[in-house]
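In: Just to be clear, the model below is a prediction. Sequence and coordinates:
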Amino acid sequence: MTTEDTRTYDVVVIGAGPVGENVADRTTATGLSTVIVENELVGGECSYWACEPSKALLRPALLRADAGRVPGLDPAAAGPLDAAAVLAHRDRMAAHWNDDGQVEWLRTAGIDLQRGHGRLDGPRRVAVTTPDGGTVHLRARHAVAVCTGSGAALPDLTGLADLRPWTSREATSAARPPGRLVIVGAGVVATEMATAWQALGTEVTLLARGTRLLPQMEPFVGELVADRLREAGTDLRFGVTVRTADRTGGEVRSTLSDGDRLTADEILFATGRAPRTGDIGLETVGLTPGDWLATDDTLTVTAVPGDWLYAAGDVNRRALLTHQGKYQARIAGAVIAARALGTPLDTGRWSPHASTADLAAVPQVVFTDPEIAGVGLTTIEARRTGRRVHVVDHDLGHVAGAIQHSPDYRGRARALIDPDRRTVVGATFAGPGVAELLHSATVAIIGEIPVERLWHAVPPFPTISEVWLRLLETYRDQQGSL
Ligand SMILES: Cc1cc2nc3c(=O)[nH]c(=O)nc-3n(C[C@H](O)[C@H](O)[C@H](O)COP(=O)(O)OP(=O)(O)OC[C@H]3O[C@@H](n4cnc5c(N)ncnc54)[C@H](O)[C@@H]3O)c2cc1C
């Protein structure tokens with residue numbers, strides 16, 4: 001027998017990934033009753049099939065690569081990784097795909113959880129199909145926030161169902177290293193997973209459609225990552241993709257666009273993301289199922305009247321990153337609370353109700369060898385948008401702190417400076433250990449600190465942060481003065 005139930009809350013959130021959890025946290029904290037709907041695991045993609053397990057796989061790989069470049073440690077780092085121990089660590093970091101801990105957190109935060117598949121059912125209404133086949137009708141007095149995230153986008157290839165390819169989910173949760181893995185793609189998931197599985201003993205072949213890895217980032221980034229992947233044994237192929245692929249007798253056989261044939265144990269398609277909006281009732285509010293949800297800077301879905309529908313996180317395509325989605329969640333929560341309480345919105349640039357950083361400074365770390373860390377504008381984006389910037393480069397291998405890190409340190413840094421305002425508008429670092437450097441660049445961009453003032457931010461000796469001083473000195477020498 002199925003059940004029907006109707007409940008009313010101030011706010012209904014669909015999707016309990018990191019972003020939905022944060023929207024619910026913010027609205028609950030302001031006294032709005034909030035329910036969150038989840039049809040899989042509370043914690044979302046990030047906790048179980050993306051950030052957490054991937055970084056758990058990568059940490060030993062990157063540490064071993066770093067140790068191999070430090071005199072005295074190099075022999076100790078030369079042996080193979082203990083794959084079983086790394087995978088057990090990964091399992092722990094993915095909480096063994098059990099969401100009890102996060103469900104308990106919801107309870108302590110005062111957020112109600114409704115398990116099941118949520119669909120919009122007209123304005124301010126959500127119908128949830130529960131695991132037992134029943135329906136719960138949720139009404140929202142003030143807001144519905146769609147935080148359903150994204151899933152892997154697969155190419156249009158014949159026989160995909162029988163091929164059973166890996167997506168990012170299998171690549172981050174596999175029980176053992178495959179003998180041979182073909183990776184299709186050149187972006188973050190492709191390069192990180194190539195780094196991890198190659199280090200775990202898999203023979204990796206990576207097929208990039210274009211001419212370089214990580215093509216959205218500064219060109220030197222892809223070159224450095226490609227060099228290290230090749231040195232680790234990865235077979236990198238550019239300007240090529242898969243034409244046909246099938247699984248026979250446990251093996252994946254594929255034909256490439258250049259006529260070559262490959263045989264492997266698994267094939268991973270790391271070919272982009274698609275919004276999880278195909279079956280969430282968008283048609284009931286005049287939107288098209290399967291579309292990304294466009295919002296303004298308040299995270300309000302612009303195509304729906306009435307200011308009650310919000311979209312935050314991957315699903316709005318503003319920045320497909322956990323930290324940026326959680327930032328949007330904090331802004332959306334503040335906007336929902338202000339509208340519910342009838343207080344005016346403050347939506348100016350960098351105001352509490354505007355997700356300004358999405359457009360100006362999205363920090364991203366790629367945990368490859370070497371690490372890549374970028375925020376704000378790149379030269380590619382500047383060229384595309386016709387924005388004038390002053391480009392300042394420095395070889396990280398000449399920075400004392402980097403040489404202390406490892407004597408043959410290879411890396412590079414680039415800062416983009418707005419020639420009129422004389423502030424940093426973009427920065428990219430490539431090199432071991434640069435991830436923790438990124439927040440300094442983010443603060444410089446968000447704070448719009450003039451280079452004359454940055455000159456007084458003294459980096460400690462001998463750290464990799466000294467690259468800031470070198471970049472400013474290079475800029476000074478190019479300009480004739482600071
Ligand atoms: C391999 C990989 C590695 C990554 N590594 C990083 C990293 O290191 N750092 C970083 O910042 N980002 C990383 N990302 C990106 C990050 O995972 C996403 O940006 C983040 O998970 C987005 O959060 P979200 O809450 O928007 O969506 P999700 O995490 O996808 O959560 C959405 C939730 O909604 C639920 N849901 C969907 N539809 C419904 C429905 N109709 N009813 C009920 N529930 C529903 C889903 O089950 C899910 O729990 C990585 C991504 C991948 C693929």
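Out: Received it, and whenever you're ready, just let me know what you need.
In: all strands of the stretch 301-450 of the chain, in order?
Out: Secondary structure of the stretch 301-450 of the chain by DSSP state E, counting those that start in this stretch: the strands cover 309-311, 364-366, 372-376, 390-395, 412-417, 424-430.
In: what lines up beside the fifth one in the sheet?
Out: In its sheet, strand 412-417 lies beside strand 390-395 (antiparallel), strand 424-430 (antiparallel), with partners assigned from DSSP bridges.
In: most packed of these?
Out: strand 424-430 (a mean of 27; mean count of other Cβ atoms under 10 Å). Backbone N, C-alpha and C define where each C-beta goes, glycine included.
In: how about the CA coordinates for that one, as PDB?
Out: The C-alpha coordinates for strand 424-430 follow below in PDB (Å, rounded to 0.1, in the frame of the first residue of the first chain):
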ATOM      1  CA  VAL A 424      45.800  41.400  -9.700                       C
ATOM      2  CA  VAL A 425      42.900  39.900 -11.700                       C
ATOM      3  CA  GLY A 426      44.200  36.400 -12.200                       C
ATOM      4  CA  ALA A 427      46.900  34.000 -11.000                       C
ATOM      5  CA  THR A 428      48.000  30.500 -11.900                       C
ATOM      6  CA  PHE A 429      50.700  28.500 -10.200                       C
ATOM      7  CA  ALA A 430      52.000  25.100 -11.400                       C
END
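In: Point out the residues in the stretch 301-450 of the chain that sit beside the ligand.
Out: Contact residues, the stretch 301-450 of the chain versus the ligand (Cβ under 6 Å from any ligand atom): 313, 314, 315, 320, 321, 322, 323, 325.
In: Could you work out the most separated pair of these?
Out: In those, the most distant members under the criterion Cβ to Cβ are 315 and 323, with 16.0 Å between them.
In: Which one of these two is surrounded by more residues?
Out: Set residue 315 next to residue 323 and count neighbours by other Cβ atoms under 10 Å: residue 315 wins out with 29 against 15.
In: just to revisit the earlier point, kindly reformat the strands of the stretch 301-450 of the chain as a markdown table containing distance to residue 4 and mean pLDDT.
Out: What follows is the strands of the stretch 301-450 of the chain, written out as a markdown table (distance: least, Cβ to Cβ, whole Å; pLDDT from 0 to 100):
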| stretch | distance to residue 4 | mean pLDDT |
| --- | --- | --- |
| strand 309-311 | 24 | 98 |
| strand 364-366 | 45 | 98 |
| strand 372-376 | 49 | 98 |
| strand 390-395 | 62 | 98 |
| strand 412-417 | 57 | 98 |
| strand 424-430 | 53 | 98 |
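In: Can you lay out those strands as JSON lines showing distance to residue 154?
Out: JSON lines is the format used below for those (distance: least, Cβ to Cβ, whole Å):
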{"stretch": "strand 309-311", "distance to residue 154": "23"}
{"stretch": "strand 364-366", "distance to residue 154": "22"}
{"stretch": "strand 372-376", "distance to residue 154": "26"}
{"stretch": "strand 390-395", "distance to residue 154": "37"}
{"stretch": "strand 412-417", "distance to residue 154": "34"}
{"stretch": "strand 424-430", "distance to residue 154": "30"}
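In: can you tell me which helix or strand residue 258 belongs to?
Out: Assigned by DSSP states H and E, residue 258 belongs to neither a helix nor a strand.
In: these two touch, right, residue 355 and residue 329?
Out: No: using Cβ atoms under 8 Å, residue 355 is not in contact with residue 329; the gap is 9.7 Å.
In: So which of the two has more stuff around it?
Out: Taking other Cβ under 10 Å, residue 355 and residue 329 do not tie; residue 329 has more neighbours (29 against 24).
In: If you drop the residues flanking it in sequence, what lies closest to that one?
Out: Spatial nearest neighbour of residue 329, excluding adjacent residues (Cβ to Cβ, 6 or more residues apart in numbering): residue 22 at 3.4 Å.
In: which SS class is the one you found?
Out: Assigned with DSSP: H, G, I helix; E, B strand; the rest coil, residue 22 falls in the helix class.
In: ok, now which ones touch it?
Out: 325, 326, 329, 330, 333 (Cβ atoms under 8 Å, 6 or more residues apart in numbering).
In: For the helix ranked longest in the chain, buried residues please.
Out: Taking DSSP state H as the criterion, the chain has its longest helix at helix 322-341. Within helix 322-341, the residues that qualify as buried are 322, 324-340, counting by 16 or more other Cβ atoms under 10 Å.
In: cool, and stretch 449-456?
Out: Buried residues in stretch 449-456, counted by 16+ other Cβ under 10 Å: 449, 450, 451, 454, 455.
In: what's it in contact with?
Out: For stretch 449-456, contacts defined as Cβ under 8 Å, 6+ apart pick out 417, 421, 422, 423, 424, 443, 444, 457, 468, 472, 475, 482.
In: same thing with stretch 182-194?
Out: Stretch 182-194 is contacted from outside by 54, 58, 155, 168, 171-172, 204-210, 212-216, 222, 225, 229, 234, 241-242, 252, 254, 262, 264, 266-272, 364, 366-368, using Cβ under 8 Å, 6+ apart.
In: Leaving out the residues flanking it, which one is nearest to the residue sitting nearest the centre point of the chain?
Out: Geometric centre of the chain, nearest residue: residue 321, 3.2 Å, by Cα atoms, centre = their mean. Of all residues not flanking residue 321 in the chain, residue 364 sits nearest, at 6.1 Å (Cβ to Cβ, 6+ apart).
In: show me the residues around the residue of the stretch 201-350 of the chain found nearest the ligand that make contact.
Out: Taking Cβ to the nearest ligand atom, the ligand has its nearest neighbour within the stretch 201-350 of the chain at residue 313, 2.3 Å off. By Cβ under 8 Å, 6+ apart, residue 313 lies in contact with 15, 17, 18, 19, 20, 147, 149, 325, 328, 329.
In: What is the nearest of those to residue 99?
Out: Nearest to residue 99 among these: residue 17, at 11.1 Å, using Cβ to Cβ.
In: so what's the spatially closest residue to that closest one that is not a sequence neighbour scoring on pLDDT?
Out: Excluding its sequence neighbours, the residue lying closest to residue 17 (Cβ to Cβ, 6+ apart) is residue 44, at 2.3 Å. Per-residue pLDDT puts residue 44 at 98.
In: Contacts only, for residue 44.
Out: Going by Cβ under 8 Å, 6+ apart, residue 44 touches 15, 16, 17, 18, 19, 20, 21, 149.
In: Could you do residue 443 as well?
Out: Each residue near residue 443 by Cβ under 8 Å, 6+ apart is listed here: residue 449.
In: name the helices or strands packed onto the lowest-mean-pLDDT helix or strand in the chain?
Out: Among the helices and strands of the chain, helix 160-163 carries the lowest confidence by mean pLDDT, DSSP states H and E, at a mean of 92. Helix 160-163 is packed against strand 242-248, with contacts defined by 3 or more Cβ pairs under 8 Å, 6 or more residues apart in numbering; DSSP states H and E.
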